[in-house]
Each structure stands twice: as structure tokens, then as C-alpha cells.
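>>> here is a sequence with its predicted model. Questions after.
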Amino acid sequence: MKSFFFLTLAVSIGMISCNGNANPDEKNAEQKKDSMQSQLSDSANIKEEEVEYTANGTKLKGYVTYDESKQGKRPIVLVVPEWWGITDYPRMRAKQLAQLGYLAMTADMYGDGKIADNPEEAQKAATPFYANPKMGKERLDAALAKAKTYPQADTTQTAAIGYCFGGSVVLNAAKLGSDLDGVVSFHGGLEGVPPRKDLLKAKILICHGGADSFVPQSQVDAFRKSMDSVGASYTFKVYPGATHAFTNPDATKKGEQFKMPIKYNAAADSASWNDMKAFFATIFH
């Protein structure tokens, strides 16, 4: 199927980034990134392991992250990257989740840990998952199965979070019946498979930028209407002034580099992370 995301992207590649008034400048984004990395470097007990696994014959390479000092089992949270692949950003988020007491796994969607260096490569890598959402579910399920093999994992409590492309992946996986307690989409696309009441097990949190030009209000309205039609349990949060990719401190630089309407928004980043933590408190016991 054709995704509105790609139609919008084709136009925006030639645009200058917009919605700048509501976001911090690139310097502040870099300072925020340095602060986040500094906090993680202070946590000597956070362990990250590269892991290999497969899905329908495709070799996948992800990372499992957890706090070695914590005793006992802990809920699993999968992290699905933006369409750039497993860069430092999703791995950093996994480490933050480990600090919160979860066993986090950064899931590989493309195979062999592939990273895209530009929007053209990223679009080529991501397009098959929009055309065939079941492939995303299969690879997410494979990551969950791998995470469940860890002795630290509480296999009865599971969730997935995703960013941009990853947000679309986790939403589709939930609607297709992945065995998760909850999913969180950060600035993800909202088009995808229609929900079915008999398949949807997960509760859903949507963290959406109010100035996200990739996800127009018509797409928001259609998503909410479809979810309401099956009585789905979901929460829809909107952060005023936030554009696409608002949680990523590198978004401002990438937006300027590739002339894309994306920017980091510190306020929306903090608010959405806190909303995620509150959401997890309701699904994990």
C-alpha cells in the first residue's frame, strides 16, 4: 500500500525545516543529548549485549540491555528504531529503560543491523514494511522470543515502544495480534492495518506531535475512528508545537542536513517519556 508518509516525504525533502519557533535550537538539542549520554555513562551497572536471532530465515542483530545490579526478573520492553535503523539513539533509549528496571531489547527490523545513511536509503529499507505490515510483526515477535530467553526476563510482562517508522511497526504488530501488554508509539505514522477486536491484546499509548506534518489531522481522525469502532484501549497524547521526530536530539541536525521538517523538542520529549512511564505503571504489576 502507499503510505501518506512517503508522499509527504517526497515533498519535504526539498523543503526547509518548519515549525522552528516551538522548538529549541540545535545547540540546545546537542546539550540535551550530551546530558542524556552523561547520565547513562554514570550507570556502570548497565550491561548491553549484542544478540543474533532470525525471523523467517533473515539474520537479525539487536541489543539486549539490563541493569546487572538489579535482582530478580523484570518486564521486557522492545525498542523499535526510526527508519534510520539501529543507530546510537534507540540503544540510548534501551539503556534508559534498563535504568528504570526493565530488560530492554533494541530490535532489528532490516536485518544484520543495517543502518541507513540518508532518506533515500531509509525509504528503500522501510517501504517493504509499510507494504507488508505482517513482516514487521514477525520480526518484532522474533525479538520478543529472543528477549524471553534471558533469565532476567519476566516473560509474563511485555511491551514495545517505537519511534517514527518504529511507531508504525509496533502499532501494526499490536493490531495484528502480537502478544504484548502494551505498545507506545512516539511520533509514528498512524496508517496501517485496521484493528480487529479479536486480535488486539495490547493497550496502546500514542505520543503525537501537534505540528507533525507527516501525520496530518485527517490521519489522526481516521486512526481514532478505527480504534473506537472496535472498543480498543488506547490513550492519545498530543504535544503542541512538536514536529515529527521530536524525541530525538539529533533530529534538528538531520532536518537541516536533509531539508526535512523535523526538530527536537525538549518539552515534548520529557513529557512523552513521563507519559510512557505512567503508562507502564498501569500495564505492569
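Received it, and whenever you're ready, just let me know what you need.

>>> low-confidence ranges in the protein?
Low-confidence segments of the chain (pLDDT under 70): 1-43.

>>> where do the strands of the chain begin and end?
For the chain, the strands defined by DSSP state E cover 46-55, 58-67, 74-80, 103-106, 153-163, 182-186, 203-209, 234-239.

>>> out of these, the one nearest E120 is which?
When the strands of the chain are compared by CB to CB, strand 153-163 sits nearest E120, at 19.6 Å. For every residue, glycine as well, the C-beta is placed using N, CA and C.

>>> how many residues are close by the residue nearest to N248 when sequence neighbours are not counted?
Closest residue in space to N248, ignoring its immediate chain neighbours: Y89 at 5.5 Å, by CB to CB, 6 or more residues apart in numbering. Applying other CB atoms under 10 Å, we find 22 residues neighbouring Y89.

>>> quick one: Y89 and L97, what's the gap?
To L97, Y89 is 13 Å away according to CB to CB, to the nearest Å.

>>> looking at the strands of the chain, which is nearest to M260?
M260 lies closest to strand 203-209 among the strands of the chain, at 13.5 Å (CB to CB).

>>> for that closest one, which outside residues touch it?
For strand 203-209, contacts defined as CB atoms under 8 Å, 6 or more residues apart in numbering pick out 171, 174, 181-188, 190, 215, 220, 223, 227, 232-239, 241-244, 246-247, 265, 268, 272, 275-276, 279, 282-283.

>>> bridged to the most centrally placed residue in the chain, which residues?
In the chain, the C-alpha nearest the mean C-alpha coordinate belongs to G162, at 1.4 Å (CA atoms, centre = their mean). Beta-bridge partners of G162, counted by DSSP bridges, are V80, S185.

>>> which residues does it contact?
The contact partners of G162, by CB under 8 Å, 6+ apart, come to V79, V80, P81, S168, V169, V170, L171, V183, V184, S185, F186, G188.

>>> quick one: contacts for the nearest residue to the fifth one once chain neighbours are set aside?
In space, not counting the residues next to it along the chain, V169 is nearest to G136; the distance is 4.2 Å by CB to CB, 6+ apart. Counting by CB under 8 Å, 6+ apart, G136 makes contact with M109, F129, S168, V169, N172, A173.

>>> kindly recompute the last result at 10 Å.
By CB atoms under 10 Å, 6 or more residues apart in numbering, the contact list for G136 reads 80, 107, 109, 126, 128-130, 162, 165-166, 168-173, 176, 178, 192.

>>> now the buried members of those.
Listed as buried from the contacts of G136 are 80, 107, 109, 126, 129-130, 162, 165-166, 168-173, 176, 178, 192; burial here means 16 or more other CB atoms under 10 Å.

>>> contacts only, for the closest residue to M105 other than its chain neighbours.
In space, and not counting its chain neighbours, M105 is closest to A147: 4.4 Å by CB to CB, 6+ apart. By CB under 10 Å, 6+ apart, A147 lies in contact with 51, 53, 62, 64, 66, 76-78, 103-105, 107, 153, 155, 158.

>>> try 7 Å this time
V64, I76, L78, L103, M105, A153 (CB atoms under 7 Å, 6 or more residues apart in numbering).

>>> so it versus L180, what's the distance?
Using CB to CB, we find A147 at a distance of 11 Å from L180.

>>> what of M276?
14 Å.

>>> now swap in V64 and tell me
Between V64 and L180 the distance is 17 Å, computed by CB to CB.

>>> what of Q96?
For Q96, the distance to L180 equals 19 Å [CB to CB].

>>> go on, A202?
Counting by CB to CB, the gap between A202 and L180 amounts to 4 Å.

>>> same check, this time on H208
Remark: distance between H208 and L180 (CB to CB) = 20 Å.

>>> and C207, by the same measure?
Shown here: C207 relative to L180, a distance of 17 Å by CB to CB.

>>> comparing the two, which residue is more hemmed in?
More neighbours surround C207 than the other of C207 and L180, with 28 against 24 (other CB under 10 Å).

>>> nearest spatial neighbour of the more buried one, skipping sequence neighbours?
C207 sits nearest to S272 (CB to CB, 6+ apart), 4.0 Å away.
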